[in-house]
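> using only what follows, build the 3D model:
(4 chains)
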Protein chains: 2
Amino acid sequence: MTETAPRPTLEAVAARAGVSRATVSRVVNGGDGVREPLVERVRRAVEELGYVPNQAARSLVTRRHDAVAVVVAEPETRVFADPFFALQLRGISKELTAHDNQLVLLLTEGRDDHARVGRYLAGGHVDGALVFSLHLDDPLPGLIQRAGVPTVFGGRPGWSDGTTDVVYVDSDNRGGAREAVRHLAGLGRTRVAHITGPLDQTSAADRLDGYRDVMGDADPRLVVGGDFTPAGGERAMRELLDRCPDVDAVFAANDLTASGALRVLRERGRRVPEDVAVIGFDDMLPLAEQADPPLTTVRQDIEEMGRLMARLLLGGLGPGDAGAAPAGVVLPTTLVRRTSA
Amino acid sequence: MTETAPRPTLEAVAARAGVSRATVSRVVNGGDGVREPLVERVRRAVEELGYVPNQAARSLVTRRHDAVAVVVAEPETRVFADPFFALQLRGISKELTAHDNQLVLLLTEGRDDHARVGRYLAGGHVDGALVFSLHLDDPLPGLIQRAGVPTVFGGRPGWSDGTTDVVYVDSDNRGGAREAVRHLAGLGRTRVAHITGPLDQTSAADRLDGYRDVMGDADPRLVVGGDFTPAGGERAMRELLDRCPDVDAVFAANDLTASGALRVLRERGRRVPEDVAVIGFDDMLPLAEQADPPLTTVRQDIEEMGRLMARLLLGGLGPGDAGAAPAGVVLPTTLVRRTSA
DNA sequence: GCACCCGGTGAGAGCGCTCTCGCGGCACCG
DNA sequence: CGGTGCCGCGAGAGCGCTCTCACCGGGTGC
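Numbers count the residues shown, from 1 in each chain, chains lettered A, B, ... in the order given. This next block holds a predicted model:
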């Protein structure tokens, strides 16, 4: 393998096309203000030489990088194995690609890493950051805000209660939860339980709030803690059946939790939905569809959330720097009715 | 929010420390050949001004970027939701971070994207690439090789049969499979079945080869196709029980498949391991540990594979450009004995 | 004591690009 | 037909950094 071949420069292309560097630059960057025959000649020269602009040189003068950092705090391995995050990342990737931006992935591992990430962002290596801050007590968001880099958060940050002007994209967790619980109530169910997610995440907390919006202060024993995993769902469901044998509906904080609950219900001989109706959250496919019975759930368009995050960031980076950017965008959810409720 | 503050340059630091740009540069890059008092003075100036080197300017002259691309072909969403890949990525991230390299994530979506990735890599924006090529017919590897970028593959590429000099990191899929099947045979099982993975992936094909190494051309009905998912495992197990009711052991291509198989065995009233012994592959936690019964499986250190890929790439980028780099590194696997076999 | 060497430092060129500026030519107006 | 404006293009100045090279001073060796 030979050393990297000497790549052609603007100069070389200019020479070949018989024009000046400036003209080549203009053509490469859109070709405005250059007459057609010249454009054509330059294009051909670029083609023949296989010219690719040197991004470093370009960034040096434009101070733009066409790159966006995606910052993921990863206290647990879970975060990554979560299809939820994977889908969001995919949406982000698509949107960035469409705008010729690169995705720089920053995984943080413990406290020390936060400083590293902060330094990197402050270093002006990227034009903006997309940040997934999962926990209420995460110091990362603060660091990032201080770095002065345009940022969009994935999910409502815990410390943002509408007061500060952070930009984020979230699902309507509370509204979706309300709709789910109302649906259960509409089915005539009176003992509607909720298996929560980890409550230090705003999504889980918001879903609980939505449940409470409808159920008021119903029997507090109907609310039991889960952790967004099937195992947690099983545990919670067992506890629930033990202390409230008369439960006739369960709103689970997500589909994984619901799948665990379904398994326990089956094990304990409760029919779904006849004896106990079950609703999940996410509409995670194929999990929800192939559950037994197929799971009624609150759908959120996760990939779209990712896309939107990227679009918001890229948009904010553009011309209008003014306060046109919305503080938070909350995407609607829809109830998908299958068999379980 | 004000525009990005004017960041201090080398020049500014030099002025403040009362030295030349060159000296500051030397200090910033390790400080060799600069006397202690000066080093100290420069360090202080850097600190006070909050100086951060401009990577673009640096890259322009050094032609290094301290960035590595991670290319993931993503024919299905599965790829990403797969904890396997997530873990590998984590290992990569850790190793890159340790060497102050950035991770540029390139997800490809369909054929058109391949050209884009090829162009990006050929564009010399990164120092190297880590590529996950999952399928035999993937055109991506070829494109990348042609781009002339140092590359390490994750998993043995399908077209590499030891002849070409591609660098890759893989698990000893074949050896691990052999060990698993031998263990089953050692238990006195004579009707040992294998549920395969998708055979267009080398890992799945290699595991099947390992099975055959031990079983020879046993009853071909004992080999049934799966797809690395629990649902596929269920399907395959049903088929297996239907056509070979006397099966007394199953080697599943991975833990997800095994979990599906376990469920069907339970459903059909077969005791594990008494009636049918089951072995998986991956040792994916907590899945394997919490399976019912806890799953005996072939462990591979996935995160370490990621680390190693990064280390290999970074090492190859260093001084020794010569053929010191090994063509392929195959990590050993170990059989983890739990209850299921 | 003189030539030499060598480690530490500064001066300056240049990486490949963008962008401002100015010049020349052409159209349009009076 | 001369003046004015504008459009298309080229010249040239840097962006912030690294790296080579020359320079300077203080040992060493004879």
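> measure A:Arg268 to DNA strand D for me?
To DNA strand D, A:Arg268 is 66 Å away according to C-beta to the nearest atom of the strand, to the nearest Å. Heads up, the C-betas are built off the backbone N, CA and C, glycines and all.
> and the pLDDT at A:Arg111?
If you check A:Arg111, the pLDDT there is 73.
> find the nearest non-adjacent residue to it, please.
Among residues not flanking A:Arg111 along the chain, A:Pro139 sits closest, at 7.9 Å (C-beta to C-beta, 6 or more residues apart in numbering or on different chains).
> could you do A:Ser20 as well?
A:Ala14 (5.8 Å).
> would you map the helices across chain A?
Along chain A, the stretches classed as helices by DSSP state H are A:10-17, A:21-28, A:36-49, A:55-62, A:78-81, A:83-98, A:111-122, A:140-147, A:173-186, A:202-215, A:230-243, A:255-267, A:287-290, A:302-317.
> wait, A:Arg266 sits on A:Ala291?
No - assessed by C-beta atoms under 8 Å, A:Arg266 is found out of contact with A:Ala291, at 10.6 Å.
> more neighbours: these two, which one.
Counted by other C-beta atoms under 10 Å in any protein chain shown, A:Arg266 and A:Ala291 do not tie: A:Ala291 has more neighbours, with 23 against 13.
> any idea how far the residue nearest to A:Ala204 when sequence neighbours are not counted lies from A:Gly158?
Once flanking residues are discounted, A:Ala204 sits nearest to A:Gly197: 3.0 Å by C-beta to C-beta, 6+ apart. Distance from A:Gly197 to A:Gly158, counting by C-beta to C-beta, to the nearest Å: 13 Å.
> looking at those two, which one has more neighbours?
Between A:Gly197 and A:Gly158, counted using other C-beta under 10 Å, A:Gly197 has the larger neighbour count: 25 against 17.
> touching, that one and A:Asn254? I think so.
Yes - between A:Gly197 and A:Asn254 there is a contact at 6.2 Å, judged by C-beta under 8 Å.
> overlap in contacts of those two?
Counting by C-beta atoms under 8 Å, 6 or more residues apart in numbering or on different chains, the contacts common to A:Gly197 and A:Asn254 are A:Phe228.
> surely the residue nearest to A:Arg111 and A:Asp112 touch.
No - if you go by C-beta under 8 Å, A:Pro139 and A:Asp112 don't touch, sitting 11.7 Å apart.
> who has more neighbours, these two?
Taking other C-beta under 10 Å, A:Pro139 and A:Asp112 do not tie; A:Pro139 has more neighbours (14 against 8).
> next, count neighbours for the residue nearest to A:Ser20.
A:Ala14: 18 surrounding residues under other C-beta under 10 Å.
> check contacts around it.
Contacts here follow C-beta under 8 Å, 6+ apart; on that basis A:Ala14 touches A:20-21, A:23-24.
> could I get the pLDDT score of A:Asp32?
What the model reports for A:Asp32 is a pLDDT of 84.
> please name the residues that touch the residue lying closest to it once chain neighbours are set aside.
Of all residues not flanking A:Asp32 in the chain, A:Arg26 sits nearest, at 6.9 Å (C-beta to C-beta, 6+ apart). Contacts for A:Arg26 (C-beta under 8 Å, 6+ apart) come out as A:32-34.
> could I get these as CSV with neighbour count and distance to DNA strand C?
What follows is these, written out as CSV (neighbours: other C-beta atoms under 10 Å in any protein chain shown; distance: C-beta to the nearest atom of the strand, whole Å):
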residue, neighbour count, distance to DNA strand C
A:Asp32, 8, 11
A:Gly33, 8, 9
A:Val34, 19, 12
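> let me have those in a markdown table, extended by distance to A:Ala57.
Converted to a markdown table, the contacts of A:Arg26 look like this (distance: C-beta to C-beta, whole Å):
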| residue | distance to A:Ala57 |
| --- | --- |
| A:Asp32 | 21 |
| A:Gly33 | 22 |
| A:Val34 | 21 |
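> tell me the one of those nearest B:Leu103?
B:Leu103 lies nearest to A:Asp32 out of the contacts of A:Arg26, by C-beta to C-beta, at 35.2 Å.
> quick check: phi and psi on the closest one?
With angles defined as degrees, to the nearest 10, A:Asp32 sits at phi -70, psi 140.
> show me what contacts the residue nearest to A:Ala253 when sequence neighbours are not counted?
Leaving aside its chain neighbours, A:Ala253 sits nearest to A:Gly197 (3.8 Å; criterion: C-beta to C-beta, 6+ apart). Each residue near A:Gly197 by C-beta under 8 Å, 6+ apart is listed here: A:203-204, A:207, A:226-228, A:253-254, A:257.
> give me the PyMOL select line for those residues, limited to the buried ones.
To isolate the buried ones among these in PyMOL, judged by 16 or more other C-beta atoms under 10 Å in any protein chain shown, type:
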select buried, chain A and resi 203+204+207+226+227+228+253+254+257
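> and DNA strand C, which of the contacts of A:Gly197 reach it?
Among the contacts of A:Gly197, no residue is within reach of DNA strand C (C-beta under 7 Å from any atom of the strand).
> of the contacts of A:Gly197, closest to B:Thr62?
Comparing those against B:Thr62 with C-beta to C-beta places A:Ser203 closest, at 43.8 Å.
> so how far is DNA strand D from that closest one?
Separation of A:Ser203 from DNA strand D (C-beta to the nearest atom of the strand): 41 Å.
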